[in-house]
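Chemist: what would the 3D arrangement of this be:
(one chain, ligands or ions: 1)
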Amino acid sequence: MAGTSREQQEPGARRADFGFRRVPAEEHPSLVRGVFDSVAGRYDLMNDLMSGGLHRLWKQALIDWLAPRDGLVLADIAAGTGDIAIRALERVTRRGGAAEAILCDPNESMLRIARDRCIDAGMVRGPRIVCCAAEALALPDRVAGACTISFGLRNATDRPAALAEMRRILAPGGHFLCLEFSPAVLPALAPLYDAYSYNVLPWLGEHVADDRDSYRYLAESIRRFPAPGALAGEMREAGFGNVHWRAMSAGIVALHSGWRT
Ligand SMILES: C[S@@+](CC[C@H](N)C(=O)[O-])C[C@H]1O[C@@H](n2cnc3c(N)ncnc32)[C@H](O)[C@@H]1O
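Modeler: Numbers count the residues shown, from 1 in each chain. Sure, this is the predicted structure:
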């Protein structure tokens, strides 16, 4: 059946966005894994270069909203190299308390770096590191007092399933925070932002991480992600209550908050 798409052959076949490409859902996780396997070693450096250090402020805003306290169990999903968990635990420790972090990510290359960074940060007991995707968290129900996902939800194959899982692992009254790029950039900034995304990002990817395509994927996946109002609706559909969000940096990034009621 040359020239006939799989969707036409099998109308029920699930598909997912991989950047601007629609791919069979079962292929999506390995395509995403390829991206992060490729960039893991340069991921932290690239974050600083791409955002001019702004990602630190965005993450700080998440930690401020989270306001982690003594005794908190934090599940950080799509934990990557551990930025959020390390920042949250350091915040509590600095105030004389102790908190616990569970880092989940399906990519072992990223988690290896997270483990080394946690050791370097002096976490003697260390966080729990669990290799799993957001759509199928290998964690018990109601295990965490807070759940965060930073620049991770965009990579999920099945976003509703991921949101449902993150709600499942929260204890009642638990706080969910999602930090993510947003397609709803201030219109006046859009031409400049597009030029940056489609030219500078892939160029940086090629010259710093030796991978142009992964940073093209980043630019494209942002455009396929829901605008903040729509994501807030998806969170409510997943069962989160008291959902609020705020845009940062002219709408380049949005921070969503919801609660397990
Ligand atoms: C852009 S990094 C974000 C890392 C870190 N949270 C941060 O803010 O720097 C995205 C992470 O999402 C992970 N990821 C990809 N697909 C995922 C999925 N289905 N569920 C959870 N994490 C996923 C990747 O392995 C990668 O570590």
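
Chemist: isn't Ala171 right up against Trp259?
Modeler: No. Ala171 is not in contact with Trp259 according to CB atoms under 8 Å; the separation is 10.8 Å. Quick note: C-beta positions are derived from backbone N, CA and C, even for glycine.

Chemist: of these two, who's got more company?
Modeler: Set Ala171 next to Trp259 and count neighbours by other CB atoms under 10 Å: Trp259 wins out with 18 against 15.

Chemist: which helix or strand contains that one?
Modeler: Under DSSP states H and E, the secondary-structure element containing Trp259 is strand 253-260.

Chemist: touching the ligand at all, that strand?
Modeler: No. Strand 253-260 does not reach the ligand (CB under 6 Å from any ligand atom); its nearest approach is 10.8 Å.

Chemist: residue in the stretch 51-200 of the chain nearest to the ligand?
Modeler: Gly80 (2.3 Å; CB to the nearest ligand atom).

Chemist: the stretch 101-250 of the chain: strands as residue ranges?
Modeler: Remark: strands assigned in the stretch 101-250 of the chain by DSSP state E, counting those that start in this stretch are 128-131, 144-150, 170-181, 240-248.

Chemist: export those to a markdown table and tack on distance to the ligand?
Modeler: Converted to a markdown table, the strands of the stretch 101-250 of the chain look like this (distance: least, CB to the nearest ligand atom, whole Å):
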| stretch | distance to the ligand |
| --- | --- |
| strand 128-131 | 10 |
| strand 144-150 | 3 |
| strand 170-181 | 7 |
| strand 240-248 | 14 |
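
Chemist: winner for burial among these?
Modeler: Highest mean neighbour count of the strands of the stretch 101-250 of the chain: strand 144-150, a mean of 26 (counted as mean count of other CB atoms under 10 Å).

Chemist: output the contacting helices and strands for that strand.
Modeler: helix 54-66, strand 73-77, helix 83-94, helix 159-168, strand 170-181 (3 or more CB pairs under 8 Å, 6 or more residues apart in numbering; DSSP states H and E).

Chemist: partners of it in the sheet?
Modeler: Neighbouring strands of strand 144-150 in its sheet, by DSSP bridges, are strand 73-77 (parallel), strand 170-181 (parallel).

Chemist: can you tell me what sits against the shortest one?
Modeler: What that stands for is strand 73-77. Residues outside strand 73-77 that contact it (CB atoms under 8 Å, 6 or more residues apart in numbering) are 66, 68, 82, 84-85, 88-89, 99-105, 134, 137, 139, 143-150, 152, 162, 166, 169-170.

Chemist: repeat that with 6 Å
Modeler: For strand 73-77, the surrounding residues in contact (CB atoms under 6 Å, 6 or more residues apart in numbering) are 84-85, 88, 100-104, 134, 144-149, 169.

Chemist: show me what contacts the spatially closest residue to Ala134 that is not a sequence neighbour?
Modeler: Closest residue to Ala134 apart from its sequence neighbours, by CB to CB, 6 or more residues apart in numbering: Ala162 at 3.7 Å. For Ala162, the contact set (CB under 6 Å, 6+ apart) comprises 134-135, 156.

Chemist: just the pLDDT for Ala162.
Modeler: Looking at Ala162, its pLDDT stands at 98.

Chemist: what does the stretch 101-250 of the chain put close to the ligand?
Modeler: Residues of the stretch 101-250 of the chain found near the ligand, taking CB under 6 Å from any ligand atom as the criterion, are 105-107, 110, 133-135, 150-152, 155-157.

Chemist: out of these, who's the most crowded?
Modeler: In terms of neighbours by other CB under 10 Å, these top out with Asn155 at 28 neighbours.

Chemist: wait, that residue touches Val32, no?
Modeler: Yes. Contact status for Asn155 versus Val32: in contact at 4.9 Å, counting by CB atoms under 6 Å.

Chemist: list the contacts of the nearest residue to Arg246 once chain neighbours are set aside.
Modeler: The shortest distance from Arg246 to any residue other than its chain neighbours is 5.5 Å, reached at Leu255 (CB to CB, 6+ apart). If you count contacts by CB under 6 Å, 6+ apart, Leu255 has them with 61-62, 179, 246.
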